[in-house]
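Chemist: A structural model of the following input is requested.
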Amino acid sequence: MEGERGYWQNLRTRQLTRRGLLASTAAGLAVATAACSNQSSKQASPGDSAEVASNGPQQPGGTLTTSNRDNSPTLDLHRTTSGYTKSAEGAILSRLLRYQTGLDVKVGEDHKVESDLATSWESPDATTWTVKLRPDAKFHNVAPVSGHAVEAEDIKATIVRAEDPQNPARAGLDAIEANQLQTPDKSTVVFKLKYPFADFAATMASSNYFFIHPREALAGAYDPNKQVIGSGPFTFQSWTPDVGWVLKKNPDWFEKGRPYVDELHWNVLTDTARMRAEFTAGHIDVIGASDGLPIPINDLPALKKDNPKALVVRRDPSAGSLMFVHLGDPTSAFQDIRLRRALSLAIDRDAISKAIWNNDGDPQFFVYLSLGAKALHMSDLPAETAKWYKYDPAQAKQLLQASGFADRQFKLVYFNGFLGPSYEQTGQTLANMLQQAGFKVTPFAGDYQRDYLGGGKGVRYGNYDKDWIIYTGLSGYDSADEFLFNYFSSKATAALAHLNDPDFDSMQSKARALLDENARTKAYLDIQRYLADKMYAIAGLPQGYVYVMAQPRLQNYQQSSGYGFGTETLSKVSIRQ
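Modeler: Numbering: from 1, shown residues only. Sure, this is the predicted structure:
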């Protein structure tokens, strides 16, 4: 994520005109780069550069080990929003497009799309998109799929299954008319969208919506909750609760020669002290990446000392958090903007930054700072809005009294086993700050699996009391549009805010239709300024920069920040034998 404006180097933007919807990849393939052009991120600092990971020729073989923070509640991606499931299966399943990575961390943060299953993607008007599939892609050679080619019918079957009401993330595919999806031949898919969507390439690269399943999943020929079959670099071998995943190299992957490692182990680790000890002992190859436990900033000096030869990658924040309140119930106290503003004024953001992040972070709003130009910064707010994000407990008390809810009992809810100690410490700190400002608030540490996910019925899906304040991390979406839609659109199926604001919906629809990249970037920033002014969620909370550490035996480590980490990063890594 982005620090302050000066922290970004070599700003690069691309304009998208109607003619510019058609461009070519480095391989000379005609593609539509309509989606996500973002400004460049920082250069890796000396000693933190990924260059050390590229020395020498890459050798095949070996086992690479990384970690998840918790168990996957289900293996079926169309029945959960769990990042634990998506991160591991991102190494098994392919998408139509994916995101570029490079030895320079800024390449991954630019979020530029490249080919995965698609060789070309074209649109004359951002409404009709024609996608050509690569001829050499095959599903894994296991029953009942038995290694058949990835064809247009598989793409269609995936979309139909993903739009099933049982999929809590189905609204993310709102632009697609499933019954209008055409498959004129085995290698061609034509999407006819409900509305112009210039960033649709980002949707096709999404590690939240667009993992492609074989058609047999829709037909019920196997159970995706027990078996994972894809066309990606690794094949599913096993998943054991409280232990983790075992994946093996797919010898038939279309990226010839890759992946380099024979096995990939994705272990369940819930404790930072154990994570640190396992890494120092050489039992884990990568920590702090993808959906693993973040490295606490205060642990970093000791980890560097204990692992002086390890690769350290510093990247912009990609795990922001917000305080959500219930805006869907007309009797909710939080319908009163004075109460929402009082919450914001009660928060000493500078104190949190110092105590939790050692001043090594930045205020986070509604879009991960790592998405670059489309992410809002505190400095982007007009003065009339910015004043509500300053620490002023006296004014917070005045607004609380004026709202008439000074005697209302509230509950501030956060979740154990979610984002690690820094998140839990921040939750406790926020409760204390609200109490100091006069709120009658009780902190409650819920359980991630039981209370947050709740088998599709938990807080994450908008099921919470109108007097609760939900402090939660943001899901790992891949574009500004995904963040804004999923948390604030009236059409979203798991929107924590329960917002129904026609003005917001209209602003997003207009932004989606803009073909010019610069105009679209401005529109998404304007939407976030609108959300910040309305205080539809309490944002601007400090979020620390992300530190990733990798063992020196790894070569060609290229950091990806989304759930596509298994393909975009780990398939490129080799181990010095």
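Chemist: Please give the three-state secondary structure assignment for D465.
Modeler: Taking DSSP: H, G, I helix; E, B strand; the rest coil as the rule, one finds D465 in the coil state.
Chemist: can you map out the strands along the stretch 251-400 of the chain?
Modeler: 263-268, 286-287, 311-315, 321-325, 361-364 (DSSP state E, counting those that start in this stretch).
Chemist: The first one packs against which elements?
Modeler: Packing contacts for strand 263-268, counted by 3 or more C-beta pairs under 8 Å, 6 or more residues apart in numbering; DSSP states H and E, involve strand 63-68, strand 244-249. Using the backbone N, CA and C atoms, a C-beta is placed for each residue, glycine as well.
Chemist: which of those strands has the lowest average pLDDT?
Modeler: If the helices and strands packed on strand 263-268 are sorted by mean pLDDT, strand 63-68 sits at the bottom with a mean of 92.
Chemist: re the thing from before, put together a markdown table for the strands of the stretch 251-400 of the chain, with mean pLDDT, distance to M549 and mean neighbour count on each row.
Modeler: Conversion of the strands of the stretch 251-400 of the chain to a markdown table gives the following (pLDDT from 0 to 100; distance: least, C-beta to C-beta, whole Å; neighbours: other C-beta atoms under 10 Å):
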| stretch | mean pLDDT | distance to M549 | mean neighbour count |
| --- | --- | --- | --- |
| strand 263-268 | 94 | 16 | 21 |
| strand 286-287 | 92 | 5 | 26 |
| strand 311-315 | 88 | 6 | 22 |
| strand 321-325 | 94 | 23 | 23 |
| strand 361-364 | 90 | 18 | 24 |
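Chemist: nearest to K194, of those?
Modeler: strand 321-325 (27.5 Å; C-beta to C-beta).
Chemist: Please enumerate residues in contact with the closest one?
Modeler: Applying C-beta atoms under 8 Å, 6 or more residues apart in numbering, the external contacts of strand 321-325 come out as 332, 334, 340, 343, 364, 366, 412, 419, 423, 426, 430, 468-474, 487, 496-497, 537-539, 541, 543.
Chemist: So which of those are in helices?
Modeler: Using DSSP state H, the members of those that fall within helices are 340, 343, 423, 426, 430, 487.
Chemist: which residues touch the last one?
Modeler: This points to Y487. Counting by C-beta under 8 Å, 6+ apart, Y487 touches 322, 324, 366, 474, 495-497, 537.
Chemist: before we move on, what about the first one?
Modeler: For R340, the contacting residues are 325, 334, 535-536, 538, taking C-beta under 8 Å, 6+ apart as the criterion.
Chemist: and of the residues you listed, the nearest to S353?
Modeler: The shortest separation between S353 and any of the contacts of R340 is 15.7 Å, and it belongs to I538 (by C-beta to C-beta).
Chemist: about what we covered before: want to throw the contacts of Y487 into a markdown table with distance to A375?
Modeler: What follows is the contacts of Y487, written out as a markdown table (distance: C-beta to C-beta, whole Å):
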| residue | distance to A375 |
| --- | --- |
| L322 | 14 |
| F324 | 19 |
| F366 | 8 |
| L474 | 11 |
| A495 | 20 |
| L496 | 19 |
| A497 | 19 |
| A537 | 15 |
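Chemist: thinking again about what came up before, please name whichever of the ones in helices among the contacts of strand 321-325 scores lowest on pLDDT.
Modeler: In terms of pLDDT, Y423 ranks lowest among these, with 85.
Chemist: filter the contacts of strand 321-325 to the buried ones?
Modeler: When neighbours are counted using 16 or more other C-beta atoms under 10 Å, those contain these buried positions: 332, 334, 340, 343, 364, 366, 412, 419, 423, 426, 430, 468-474, 487, 496-497, 537-539, 541, 543.
Chemist: Specify the residue ranges that define each domain of this structure.
Modeler: Each structural domain of the chain that the record assigns through automatic domain parsing is listed here as a residue range: 5-264+546-575, 321-544.
Chemist: Run through the helices of the stretch 101-250 of the chain in chain order.
Modeler: Taking DSSP state H, counting those that start in this stretch, the helices of the stretch 101-250 of the chain run over residues 105-109, 152-162, 200-204, 215-219.
Chemist: These: which one's closest to M275?
Modeler: Closest to M275 of the helices of the stretch 101-250 of the chain, according to C-beta to C-beta: helix 105-109, at 21.3 Å.
Chemist: so F405, which of the three states?
Modeler: Criterion first, three-state DSSP; result for F405: coil.
Chemist: and the top helix by length along the chain, average pLDDT?
Modeler: In terms of residue count, the longest helix belonging to the chain (DSSP H) is helix 517-534. Per-region confidence: helix 517-534 scores 97 on mean pLDDT.
Chemist: what does stretch 440-455 give?
Modeler: 90.
Chemist: Stretch 476-483 now?
Modeler: Stretch 476-483 shows a mean pLDDT of 87 in the predicted model.
Chemist: just stretch 414-422 next, same as before
Modeler: Confidence over stretch 414-422 (mean pLDDT, whole number) is 81.
Chemist: As TSV, the domains of the chain with distance to V312 would be great.
Modeler: Supplementary listing: those in TSV, determined by distance: least, C-beta to C-beta, whole Å:
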stretch	distance to V312
domain 5-264+546-575	5
domain 321-544	13
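Chemist: Flag whichever of the ones you listed has the least confidence on average.
Modeler: If the domains of the chain are sorted by mean pLDDT, domain 5-264+546-575 sits at the bottom with a mean of 82.
Chemist: Can you give the distance of it from its chain's centre?
Modeler: When C-alpha coordinates are averaged (C-alpha atoms, centre = their mean, to the nearest Å), domain 5-264+546-575 and its chain have centres 13 Å apart.
Chemist: Show the residue spans covered by the strands in the stretch 1-150 of the chain.
Modeler: Remark: strands assigned in the stretch 1-150 of the chain by DSSP E, counting those that start in this stretch are 23-24, 30-31, 63-68, 97-99, 113-115, 118-122, 128-133.
Chemist: same thing with the stretch 401-550 of the chain?
Modeler: 409-416, 440-447, 468-473, 541-544, 546-550.
Chemist: Just name whatever secondary elements the last one is in contact with.
Modeler: What it means is strand 546-550. strand 286-287, strand 311-315.
Chemist: Tell me which residue is most central in this protein.
Modeler: Ranked by distance to the mean C-alpha position of the chain (C-alpha atoms, centre = their mean), the top residue is G476 at 1.4 Å.
Chemist: got a list of what it touches?
Modeler: Residues counted as contacts of G476 (C-beta under 8 Å, 6+ apart) are 83, 86, 207-208, 291, 318-319, 561-563.
Chemist: Please tell me which one of those counts the most neighbours.
Modeler: Ranked by the number of neighbours (other C-beta atoms under 10 Å), the contacts of G476 place S561 first, at 30 neighbours.
Chemist: so what's the closest residue to R520 other than its chain neighbours up against?
Modeler: The shortest distance from R520 to any residue other than its chain neighbours is 4.2 Å, reached at L514 (C-beta to C-beta, 6 or more residues apart in numbering). When the contact criterion is C-beta under 8 Å, 6+ apart, the partners of L514 are 198, 520, 523.
Chemist: How much space separates the second one from G102?
Modeler: What it means is R520. R520 is 24 Å from G102, where distance means C-beta to C-beta, to the nearest Å.
Chemist: Could you check which of these two has the larger neighbour count?
Modeler: Between R520 and G102, counted using other C-beta under 10 Å, the more crowded position is R520 (26 against 13).
Chemist: Distance check, the more buried one against A532.
Modeler: In this structure, R520 and A532 are 19 Å apart, going by C-beta to C-beta.
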